[in-house]
Each structure stands twice: as structure tokens, then as C-alpha cells.
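Q: Sequence plus predicted model, see below.
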Amino acid sequence: MTQPPFVFDHWASAHQQRVEEVLSRTLPSEGTLPGHLHEAMRYAVLGGGKRVRALLSYAAAELAGASPIAADASAAAVELIHAFSLVHDDMPCMDDDDLRRGKPSCHKQYDDATALLVGDALQSQAFECLASTSAPQALKQVQVLATATGSRGMCGGQSIDLQSTGKLLSREALQTMHQYKTGALIEAAALLGAYAADHTHQQLITTLEQYSQHMGLAFQVVDDILDATADTQTLGKTAGKDALQEKSTYVSLLGLEEAKALVNTLYAQTLQLLASFGPQADPLRGIAKFICERPF
């Protein structure tokens, strides 16, 4: 029987809905003590976002042959970490943004202390999510996510970003910062999905690492382009903040047209990387197209 053609929008919509339901079940209810904290956690996580990292985790899990239940834990864990990072990133001591995903940031909806605790609790919840599975490679998943989250990953990248505000960075320094701040969690998302399978071939891990490095960089370049060109309503967060805070970006460093050309190059390289995988890699191709062709 002939398989129907793959439609990325349908696949993405189904998996976005799936991870939303998983996250809703995973997060404590508002009726569970302490209710105020649990309400704020659910506010920060549910009902918004493109779920790119969850989609990437699901795509890698399907390519590796993982069960849907094991894939759910990986997708939920990476989204919980991402939500924690956004809550903390928006706080006045960090990037100080009043909007996130088109609604008041967590610290604006509640208060600074609650937002701080929300981020802490979401981070713990992510590791509980992974550790609660019976997946044979769960310990490896915990290690991957911990490394991507900590000082050698996302938190380290945020630290470099804060120390670099107002300074002109070289292209190499800028790329290193974003490999930590953005790329590490994107790579972790893919690897978590792959390690959700009972066994994972090293060739697949290597390919996913290379894919994620391309997509992590492309994601950041597109973000820089959108910050410079889109409005606040389109972004769902305050537009033009990079320029106001005198941050080095790919647009300020390369110029708008060269930044766009870099995204196109990364997309072409990614498609070439996946060429030998056939239709099973269509979700990964769709994610790459979505990341690189967000309207700018």
C-alpha cells in the first residue's frame, strides 16, 4: 500500500498537541500545594510556543525507533528546561523583558521571587521526567540534558552574553556564545530523542550532532534577523532589544543580507547531511525548513 505524502504541518501540529498534553499531565495541578507556585509553573509552560525543541526530540526519536511513550518524556523534559530558561531570561537581572509568547512574562504576571522559583522547579521537573522512565538509556539522557543546561551549555552561554553586553564580539566569539546559549539545548533535544530508543547507533548520533549544530546556529541567526526587522506583535516579545542593549548579533556583525545568506547556506548543508536517510528523516527536514524560513 502506498504511503501518503509527508506533510510537515500535519506532523508538527499533531506532535505539538501531543507534547502539550504530556506537559499538562506532567506538571503538578494548581490544586496541589503549593498552589501558587504550581499555577505559575503551568502559566510559564502551557499554551504557547512553537515547541521546536520538542518536535526535534520527537523527530530524532522516530528516526531512532523509540517508542512514543519514551519519546514523550524526552520532548517534555527539553520543553521544561526551555521554559525555565525563558522565565529566568526575562527577569530584570537578566534580559529584563515584560513580554513572552505574547503575554506578560512570568515575573510580571506574578513577581520576581515566584519567577525565580518557577525556573528552579521546572528544571527539577525536567530531570524527574527523564528519571521516571524505564528507558535503558535514561541515565545517558540525564547526562546529556544536564551538560546542555549547565555552565558548559545554556547557563554558560547566558553568562557570556551578560558579560558581553556593550562589547563588540568577533564572529568566532559570537558563535561560541550561541553554541552554548542556544545550540546546546537544541542539540540536547535531538540526542534525547535518539537516546529514547533501546539502542542508538553512533552514526545516527554523529549525524544528529552535526544537524543540531547547523540548526542551532541557523536558529540564532534568524532570531537576530527577526529582532532587527520584525515588530513586537509578530515576535511575541519586545522587538529591537539587541540594538537597544548594544549586543553583538549576526546582523550587526555581518549585515542583514549576509546574515540571510548564512541561513540559506546552513539549510542547504543540512539537507545534504540528511540525504542518505530517505523519507524517515522528513520530519528533520521539515524542522530545518521551518527554522530557516521563518518570515524575515
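A: Everything's here; your move. Only a predicted model underlies this, so the values are computations on that prediction, with no experimental measurement involved. Numbers count the residues shown, from 1 in each chain.

Q: nearest spatial neighbour of Asp282, skipping sequence neighbours?
A: Phe6 (4.2 Å; CB to CB, 6 or more residues apart in numbering). To be clear about C-beta, it is placed using only N, CA and C from the backbone, and glycine gets the same treatment.

Q: Could you give the number of residues near that neighbour?
A: 13 (other CB atoms under 10 Å).

Q: Would you check that it makes contact with Leu284?
A: No: here Phe6 does not reach Leu284: they are 11.2 Å apart, not a contact under CB atoms under 8 Å.

Q: Who are the contact partners of the residue minimising distance to the centre of the chain?
A: For the chain, Arg53 is the residue whose C-alpha lies nearest the centre (CA atoms, centre = their mean; 4.1 Å). For Arg53, the contacting residues are Ala75, Val78, Glu79, His82, Leu185, Ile186, Ala189, by CB atoms under 8 Å, 6 or more residues apart in numbering.

Q: Where does the prediction get shaky in the stretch 151-296 of the chain?
A: 233-245, 295-296 (pLDDT under 70).

Q: and stretch 277-284, how far out from the chain's middle?
A: 20 Å (CA atoms, centre = their mean, to the nearest Å).

Q: distance between the ends of it?
A: Stretch 277-284 stretches 10 Å from its first residue to its last (CA to CA, to the nearest Å).

Q: Run through who's touching it.
A: For stretch 277-284, the surrounding residues in contact (CB under 8 Å, 6+ apart) are 3, 6, 8, 11, 55-56, 58-60, 62-63, 207, 211, 274.

Q: ok, of those residues, which come out buried?
A: Buried positions within the contacts of stretch 277-284, assessed by neighbour count (16 or more other CB atoms under 10 Å), are Trp11, Leu55, Leu56, Tyr58, Ala59, Ala60, Glu62, Leu63, Thr207, Tyr211, Leu274.

Q: picking that back up, so the residue nearest to Asp282 versus Ala12, what's the distance?
A: Distance of Phe6 to Ala12, computed by CB to CB, to the nearest Å: 11 Å.

Q: next one: Gly153
A: Between Gly153 and Ala12 the computed distance is 26 Å (CB to CB).

Q: Now do the strands in this structure.
A: Remark: strands assigned in the chain by DSSP state E are 99-100, 103-104.

Q: hey, which of these is tucked in deepest?
A: strand 99-100 (a mean of 20; mean count of other CB atoms under 10 Å).

Q: Run through the neighbouring helices and strands of that one.
A: If you count contacts as 3 or more CB pairs under 8 Å, 6 or more residues apart in numbering; DSSP states H and E, strand 99-100 packs onto no helix or strand.

Q: Okay, now the sheet partners of that strand, with direction.
A: Sheet pairing for strand 99-100, assigned by DSSP bridges, gives strand 103-104 (antiparallel).

Q: how far out from the middle of the chain is the strand it pairs with?
A: 19 Å.

Q: do stretch 75-94 as well
A: 10 Å.

Q: Output it as PDB, nothing but the C-alphas.
A: In PDB, the C-alpha atoms belonging to stretch 75-94 read as follows (Å, rounded to 0.1, in the frame of the first residue of the first chain):
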ATOM      1  CA  ALA A  75      10.100  16.000  24.500                       C
ATOM      2  CA  ALA A  76       8.600  17.100  27.700                       C
ATOM      3  CA  ALA A  77      11.900  17.300  29.500                       C
ATOM      4  CA  VAL A  78      13.500  19.600  27.000                       C
ATOM      5  CA  GLU A  79      10.500  21.900  26.900                       C
ATOM      6  CA  LEU A  80      10.500  22.200  30.700                       C
ATOM      7  CA  ILE A  81      14.200  23.200  30.500                       C
ATOM      8  CA  HIS A  82      13.500  25.700  27.700                       C
ATOM      9  CA  ALA A  83      10.600  27.200  29.700                       C
ATOM     10  CA  PHE A  84      12.800  27.500  32.800                       C
ATOM     11  CA  SER A  85      15.400  29.300  30.700                       C
ATOM     12  CA  LEU A  86      12.800  31.800  29.300                       C
ATOM     13  CA  VAL A  87      11.400  32.600  32.800                       C
ATOM     14  CA  HIS A  88      14.900  33.400  34.100                       C
ATOM     15  CA  ASP A  89      16.000  35.100  30.900                       C
ATOM     16  CA  ASP A  90      13.100  37.600  31.100                       C
ATOM     17  CA  MET A  91      13.800  38.700  34.700                       C
ATOM     18  CA  PRO A  92      15.100  42.200  35.500                       C
ATOM     19  CA  CYS A  93      18.500  40.900  36.500                       C
ATOM     20  CA  MET A  94      18.900  39.200  33.100                       C
END
